[in-house]
Every structure is written in structure tokens, then in C-alpha cells.
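*Asks:* Curious how this folds, go ahead:
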Amino acid sequence: MSRPLLHQCLRSSRGASVGSRLGRVRWGSSISQKPGSDHLRFPGAINSKFTTNLNFINPSDQPAIPTYRVMDSDGVIVDKSRAPNVPDEEVISWYKNMVQALQNPNEPKQIVACYFGEGAASEGDFHAALNIAATRSCPVVFICRNNGYAISTPTLEQYRGDGIASRGVGYGIDTIRVDGNDIFAVREVTKEARRMALENRPILIEAMSYRVSHHSTSDDSFAYRARVEVEDWKRRDNPIIRLRKWMENKGIWNEDLERETREQLRKDVLTEFAAAEREQKPAIKELFTDVYEQMTPELLAQKEELKRIIEAYPNEYDISEYDGGLKGL
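*Replies:* Residues are numbered from 1 along each chain as shown. Take a look at the predicted model:
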């Protein structure tokens, strides 16, 4: 397009109006206040009339926005010209899905358990989830493991309130704080929370249990907390140590059983490791699965590009250990 023609098109577009069923809408950049006008000419309030009355608008004084409908409460189409153009089979499918959702035929009845740490409770999604669960009476048990650190951020840098439990109360949710190192307490609390959630209401559990391990295999937690702090918790109180002490106090566990158990567990783990190492790795195509139900054009293009590169440079890629080799792509 030539420069003069381009300028002409731009000038035409600035002065043009866009027609639609909702009326004629001018480009916001073309609106300007004209001298002597009795209307405000401004984007977002194009036809607002000037007034000398200082009057706050009460929403209840305004006419209500009409409610669109096709079918009345008796199942009768109000306006025959608006009759739905939907196949009967599809409507019947809608109805069956609605009835199924209403009856909730799952037996036994089920709830949703949502696990997260106190760090996740600093995200906005946490607050939105609790509020929606409360207002919609969702059968959800929120289980927060407060272990003292959100990766490397200690709780004192996360919040100043009374932990996570106080937030559940604020959202109108039945809440309990439990000693996360006490397996019996956690079991009883969880059982009761499930019973309550089956009554279609959310429950929040805050389990207090210090994290003696690193956040992940790539995390060196001693970079942000003292080693002596971790070792003290590991030696003094954690779920495994506490349960072992209980069993020893009851006379059903001793040092010999501890040693035998650890030796057997080590053998079992090494056996499974060896078996896993003999298995082929998943097919290369699995790189592109488990994201979308159907692969997007971009993913398909990447998949074909990877195949092309492997075929072009076979000596650079050892794919013999992958299930199916190149055919697995």
C-alpha cells in the first residue's frame, strides 16, 4: 500500500463510525468536547448530559436491567420466534447430566481433599478457594501442613496473624489446628473432618509439623536455616520419632525390630531400583502428552521438528533406551 493511500485510509478510519445492533460507536480517539454542548463528550460517558443538580444516584431509584429468558417456569416458550434450535437428543443429554449432578449418585459419598502448605496460603487462590467453598457449601477438606517454611521463607516473613487456622474462621469455615507430629490426633481430626464435610460444608485443618527435610532435591535448606535447628527437630520431635517412642513405651517395638525393619526396607528399595533400571524409558512421544487433550498445532510442529532432527543426526541421539525408539515418537 502506498503512503498517500495509507494516510487516506487512516483518516477515513478515524472519522468512521462502527455500526452494530447495539448502535453506532465512534472511535474513542475521535471524541472531543464541543463548545456549547449540553452533553459530556468523553470515552466511557459519551452522551452524559450536564446538570446543575448535585444529586447522588441511588441504584434502587433506577429501572432494573431486564432479564432475558426463552422459557417460563412452566416450560413454555415465551416467544415462538425465539424457540431454541437444538436437537432433542442434545437437550435430553443436558437433562440427564443435570439430574445426575442433582442426585450425586456416588456411593459411598465422596469429598474433596485439598493439600497445601502455609506458603500456598499466601497466594490469592487460597483466599478465593475458601470463600467460594464457604459460600457454595462445598464438601471440601482443606489440609494445610504448616511446616515453618515456604521453601526458604520463614513464617514470620509470611504473616503476622495466628497461623492459617484463623483465616478459616474469618471465612466462616469450621476450623481446627492439630499437632501434625501426632499421628493419632491427625487421624481422628481427619476422620471427623470428613464426616462433617459429607454434610456439604468445607473444613480447614492446619497441621503443625516442622520440615526436617530440604524443600526438594535441588534445595539446600542450610543456606537459610541453621543446621542445629534442623537436627534438633529431627532428634527431638517428628512424626516418625514420636510414633516409635509410643510403640516402645507400649512394649511392641525395640531396637532389634528397628534394625531389622530398616535393613529390609533398604533391600526392598534397592531391588525396586534395579528392576526400574532394567525397564525402558517412556516413549519419546510422552514429551508432548498429558498437557492438552488434543495436541495443539504448535506441539505437533515441535514433535515433527524433533523427529526430523533425530533422523538427520542419528549419531547425536541415543534413543535405544526409550520405548519404541524413533517409532515411539
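
*Asks:* quick one: residue 97 is in a helix?
*Replies:* Yes: residue state for residue 97 (DSSP: H, G, I helix; E, B strand; the rest coil) corresponds to a helix.

*Asks:* what's the burial count for it?
*Replies:* Here the number of neighbours of residue 97 (other C-beta atoms under 10 Å) works out to 10. For every residue, glycine as well, the C-beta is placed using N, CA and C.

*Asks:* pLDDT weak spots in the stretch 1-150 of the chain?
*Replies:* Across the stretch 1-150 of the chain, the ranges flagged by pLDDT under 70 are 1-33, 41-46, 56, 59, 62, 64-65, 100-108.

*Asks:* could you pull out the helices for it?
*Replies:* 3-15, 88-103, 124-135 (DSSP state H, counting those that start in this stretch).

*Asks:* Now residue 230. Nearest residue, chain neighbours left out?
*Replies:* residue 212 (5.8 Å; C-beta to C-beta, 6 or more residues apart in numbering).

*Asks:* contacting residues for the one you found?
*Replies:* By C-beta atoms under 8 Å, 6 or more residues apart in numbering, the contact list for residue 212 reads 230, 233-234, 238.

*Asks:* For the stretch 201-329 of the chain, which segments count as strands?
*Replies:* Taking DSSP state E, counting those that start in this stretch, the strands of the stretch 201-329 of the chain run over residues 203-208.

*Asks:* Show me the shaky parts of it.
*Replies:* Those would be none, if you go by pLDDT under 70 across the stretch 201-329 of the chain.

*Asks:* Show me the helices in it, by range?
*Replies:* Using DSSP H, counting those that start in this stretch, helices in the stretch 201-329 of the chain cover 227-236, 239-250, 255-278, 297-312.

*Asks:* any idea how far residue 133 is from the residue nearest the centre of the chain?
*Replies:* Nearest to the geometric centre of the chain sits residue 125, at 7.1 Å (C-alpha atoms, centre = their mean). According to C-beta to C-beta, to the nearest Å, residue 125 and residue 133 sit 12 Å apart.

*Asks:* which one of the helices of the stretch 201-329 of the chain lies closest to residue 181?
*Replies:* The closest of the helices of the stretch 201-329 of the chain to residue 181 is helix 239-250. By C-beta to C-beta, the value is 4.9 Å.

*Asks:* now for that closest one, which elements pack on it?
*Replies:* Helix 239-250 sits against helix 183-197, with contacts defined as 3 or more C-beta pairs under 8 Å, 6 or more residues apart in numbering; DSSP states H and E.

*Asks:* The helix it packs on: which residues count as buried?
*Replies:* Neighbour counts over helix 183-197 (16 or more other C-beta atoms under 10 Å) mark 186, 189-190, 193-194, 196-197 as buried.

*Asks:* Tell me the one among the residues you listed nearest to residue 71.
*Replies:* Nearest to residue 71 out of the buried residues of helix 183-197 is residue 197 (C-beta to C-beta; 35.4 Å).

*Asks:* Hmm, residue 204 and the closest one touching each other?
*Replies:* No: with contact defined as C-beta atoms under 8 Å, residue 197 and residue 204 do not form a contacting pair (10.6 Å).

*Asks:* so what sits against both of these two?
*Replies:* Common contacts of residue 197 and residue 204, defined by C-beta under 8 Å, 6+ apart, comprise residue 141.

*Asks:* quick revisit: quick one, phi psi at the residue nearest to residue 230?
*Replies:* Torsion angles at residue 212 (phi, psi; degrees, to the nearest 10) stand at phi -90, psi -10.

*Asks:* Tell me how far it lies from residue 251.
*Replies:* Counting by C-beta to C-beta, the gap from residue 212 to residue 251 is 27 Å.

*Asks:* which ones are touching residue 221?
*Replies:* 149, 152, 211, 213-215, 230.

*Asks:* let's see 7 Å
*Replies:* Residues near residue 221 by C-beta atoms under 7 Å, 6 or more residues apart in numbering: 214-215.

*Asks:* same thing with residue 183?
*Replies:* 239, 243.

*Asks:* Over to residue 317?
*Replies:* residue 310.

*Asks:* how about 8 Å then?
*Replies:* 309-310.

*Asks:* circling back: in ChimeraX, how would I select the buried members of the contacts of residue 212?
*Replies:* The following ChimeraX line selects those of the contacts of residue 212 that are buried, judged by 16+ other C-beta under 10 Å:
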select :230,233,238
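
*Asks:* Any chance of TSV for the contacts of residue 212, columns distance to residue 169?
*Replies:* Supplementary listing: the contacts of residue 212 in TSV, determined by distance: C-beta to C-beta, whole Å:
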residue	distance to residue 169
230	32
233	28
234	32
238	28
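
*Asks:* Kind regards, and thank you for your time.
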